[in-house]
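> prediction below, plus the sequence it came from.
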Protein chains: 2
Amino acid sequence: MEKLTIGKMARMNGVSEQTLRLYDKIKLLQPCEINPETGYRYYHIKQCAQLDMIQYMKALGMNLASIKECFENQNIDQFKEVLRLQKQNIHNQIDALRHAEKTIDRAIEGYQRYEVAPREEMPVFEYQKARRIFCYDTKINAYSYGMEYYEQVLRALKKNYVLHRFPMSYFCNVGSIIRHEHFMKRELIATEVFVFIDDEFESSDGVEVIPEGMYVCLYCDGFNREEEGLRKLMDYIFSHNYQVVGDCISEILVELPTSSNYDRKAFFKLQIMVKR
Amino acid sequence: MEKLTIGKMARMNGVSEQTLRLYDKIKLLQPCEINPETGYRYYHIKQCAQLDMIQYMKALGMNLASIKECFENQNIDQFKEVLRLQKQNIHNQIDALRHAEKTIDRAIEGYQRYEVAPREEMPVFEYQKARRIFCYDTKINAYSYGMEYYEQVLRALKKNYVLHRFPMSYFCNVGSIIRHEHFMKRELIATEVFVFIDDEFESSDGVEVIPEGMYVCLYCDGFNREEEGLRKLMDYIFSHNYQVVGDCISEILVELPTSSNYDRKAFFKLQIMVKR
DNA sequence: CTAAACCTTGCAGCAGGAATAGAGTCAACA
DNA sequence: TGTTGACTCTATTCCTGCTGCAAGGTTTAG
């Protein structure tokens, strides 16, 4: 049986010649014969078995170094351990991707709500499911000092947030809380900011639940409309004598990428639970 | 409010200084001020908004070029389109990872079966579910010419296999078929080889189903034991007058990474369905 | 004998940084 | 004013798993 040139070997196995040269160089799969004068590589057809194995292990997500190590050690138990690790690895990757997918869904949903939301800043009733948030009290009132303090507040949240190892993919869906007592006194005081997180995160310090219920909501477009919106919401609630149940939430539904000036462009949903 | 040095900006946002310098270089996020004498970068705190957005988009799986483009175009619809594409993208990645996961499970299962399988090459009864295979007839009898022809047969299968866009992760779980007629005549003739594939692949040419039922199975360790095993299986079937239903399958349960010599090291499961 | 196909080495490039060196700068303290 | 230590600058190299190109040598079919 004749020897295979690199091209035949490559075509037979659906890999490129460069790939075979690379495997030769890193000693992962070396041709059984090299003509010392011409440097031509010649493979034996039985070497296809190894190439199969390499491709298989690559498909499992292993990198070339690990594959090489596996070949060298020739240890079944080690290979099984590698498989176990690889499975865990893949599991984590899938989890991460699922997060990303969920986040995209959330973003798409946000945009859809943005598009259908009432533009006239009128309060509307909405029934909302319970949602989980990661909350952080910065002790600085985000409403009293303008955007720059708001950014500082957000930075404090973010620092704490990454400390808790939440994925960055949630960090576009933030909000702030005006606690019940302040809302009732019509004070615009919010020292706490939060990020919406998934239900799968167990409770720890900072994790709170915004309860399910009927909310009065008001949508407003842009940071400069937020305070006005909050005042309108208060007016509406108090003039109709609705019984306020919990805290007032100001949620950023959508944030748009912007670079022309440094200001954030966001679409808010203000909301507070009421009893009928 | 004072300007932020690169270090402060980095620490505030949980990124490295190098990353910020890279973003500056590719004009993704440039400091609002650079001291022309010292070259020091100074950021405004409001620029954190952009960095948030970058990190968010990165978490969605976008690359820096797309992120930059999004910032430049400032187009909501384009961003939504990007989100849609990204969702599809993530979906595909998850699918691929699920395949890999399944394959690893299959490999682990194979090793477990390998460990508990009877060592003495005695036929055993096993009830087996239906399994789907991608089959290819090479017209060459794999048993008549030894390993080198077997490799050629496998190459032909592989070529066809990648042509059909099946993932390489299945390619460790191959087998060959001795058709009913040959088996009944005790002929070791197998021109067809196959790969086990998942049920989710729809039927097309080459895809067959190995039916559910009771099988007589015989495990053997190594290529050199395969023919002997087949003969033992035939002896057993015919001496007990079992009624053979379909074709005889020789399946590679486990293949081990090997590099010392070029020979494959595999563990076989020979199987044929019988009627009680 | 020629042309086509094939092979060789070596280098450049992708993404998204990490890590390093060597030099310059800044703020605080004595 | 000097010194220290923390900080920052640029520039370069490295990582993975290849792909692609250029310049040149080899093999093979007709």
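Thanks, I have the structure now.
> what sits closest to A:R113 if chain neighbours are left out?
A:L253 (5.9 Å; C-beta to C-beta, 6 or more residues apart in numbering or on different chains). Every C-beta, even on glycine, is put in place using the N, C-alpha and C of the backbone.
> repeat for A:F79
A:C70 (5.6 Å).
> residues touching the residue nearest to A:R113, list them.
A:G110, A:R113, A:Y114, A:A117, A:N173, A:Y219, A:A266, A:F267, A:F268, A:K269 (C-beta atoms under 8 Å, 6 or more residues apart in numbering or on different chains).
> in a markdown table: the residues you listed, plus secondary structure and pLDDT.
Output for the contacts of A:L253, formatted as a markdown table (DSSP: H, G, I helix; E, B strand; the rest coil; pLDDT from 0 to 100):
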| residue | secondary structure | pLDDT |
| --- | --- | --- |
| A:G110 | helix | 85 |
| A:R113 | helix | 85 |
| A:Y114 | helix | 84 |
| A:A117 | coil | 83 |
| A:N173 | coil | 86 |
| A:Y219 | strand | 93 |
| A:A266 | strand | 88 |
| A:F267 | strand | 90 |
| A:F268 | strand | 92 |
| A:K269 | strand | 94 |
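> the residues you listed, buried ones only, as a PyMOL selection?
To isolate the buried subset of those in PyMOL, counting by 16 or more other C-beta atoms under 10 Å in any protein chain shown, use the following:
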select buried, chain A and resi 110+114+117+173+219+266+267+268+269
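> closest to DNA strand C among the contacts of A:L253?
A:N173 (21.3 Å; C-beta to the nearest atom of the strand).
> report back the residue of chain A that's furthest from centre.
A:E37 (55.6 Å; C-alpha atoms, centre = their mean).
> quick one: the helices in chain A, in order.
A:6-13, A:17-25, A:48-59, A:64-73, A:76-116, A:147-163, A:180-184, A:226-239 (DSSP state H).
> need these in a markdown table with distance to DNA strand D, can you?
Shown next, in a markdown table, are the helices of chain A (distance: least, C-beta to the nearest atom of the strand, whole Å):
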| stretch | distance to DNA strand D |
| --- | --- |
| helix A:6-13 | 9 |
| helix A:17-25 | 4 |
| helix A:48-59 | 6 |
| helix A:64-73 | 4 |
| helix A:76-116 | 12 |
| helix A:147-163 | 15 |
| helix A:180-184 | 37 |
| helix A:226-239 | 32 |
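> tell me if I'm right that A:I94 and B:H99 touch.
No. A:I94 is beyond contact range of B:H99, at 11.0 Å (criterion: C-beta atoms under 8 Å).
> quick one, which of those two is more surrounded?
B:H99 (20 against 17; other C-beta atoms under 10 Å in any protein chain shown).
> tell me the confidence at that one?
Note for B:H99: predicted pLDDT of 82.
> could you check how far the closest residue to DNA strand C within the stretch 1-150 of chain A is from chain B?
Nearest residue of the stretch 1-150 of chain A to DNA strand C, counting by C-beta to the nearest atom of the strand: A:G7, 2.2 Å away. Per C-beta to the nearest C-beta, to the nearest Å, A:G7 is found 14 Å from chain B.
> give me the neighbour count for that residue.
So A:G7, with other C-beta under 10 Å, has 12 neighbours.
> start to end distance for stretch A:182-191?
Using C-alpha to C-alpha, to the nearest Å, one end of stretch A:182-191 lies 11 Å from the other.
> what's in contact with that stretch?
Here stretch A:182-191 has contacts from A:137-144, A:153, A:176-179, A:227, A:230-231, A:234, A:238, A:244, A:247-248, A:250, A:272, using C-beta under 8 Å, 6+ apart.
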